[in-house]
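Colleague: Need a 3D model of the following:
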Amino acid sequence: MRFPLLFTVIAVAVAPTVALAQENPVRSACKPDIQALCASVQPGGGRIRDCMRQHRTELSATCKLAIADRMLERAHRPAAGAPGAGVTQVPSK
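Modeller: Below is the predicted model of the structure:
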């Protein structure tokens, strides 16, 4: 009986650490660019994204590649509500 409770407590304590360890690949690749080009921009509301768009010609090759990879991932991901996006369709009879 104590094992499930202990497991739950450990899982809740460790989950935020694991989430932080899996940093966004685009943010990791673009961190130097964000610091150099958008340091004065207040985060939130898409302001850093907008700043990066304004400076897209100045972005490093590493950052541009990470953004391109992210765009390809999104292009190949089923849209929310589409079959294959966690929604099961029941065939009509």
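
Colleague: Low-confidence stretches in the chain?
Modeller: 1-22, 78-93 (pLDDT under 70).

Colleague: mind listing the helices for it?
Modeller: 2-21, 25-37, 47-54, 61-76 (DSSP state H).

Colleague: Distance of the nearest residue to Asp69 once chain neighbours are set aside relative to Thr57?
Modeller: Distances taken as CB to CB, 6 or more residues apart in numbering put Pro25 closest to Asp69, at 7.3 Å, once the chain neighbours are dropped. In this view, the C-beta of every residue, glycine as well, is placed from N, C-alpha and C. To Thr57, Pro25 is 22 Å away according to CB to CB, to the nearest Å.

Colleague: ok, the two, which is more surrounded?
Modeller: It is Pro25, of Pro25 and Thr57, that has more neighbours when counted by other CB atoms under 10 Å, with 13 against 6.

Colleague: Check the gap between the more buried one and Gly45 for me.
Modeller: Counting by CB to CB - Pro25 and Gly45 are separated by 22 Å.

Colleague: Next: Leu37.
Modeller: From Leu37 to Gly45 the distance is 18 Å (CB to CB).

Colleague: Between the two, tell me which one has more neighbours.
Modeller: When neighbours are counted by other CB under 10 Å, Leu37 comes out ahead of the other of Leu37 and Gly45, with 20 against 8.

Colleague: No further questions, thank you.
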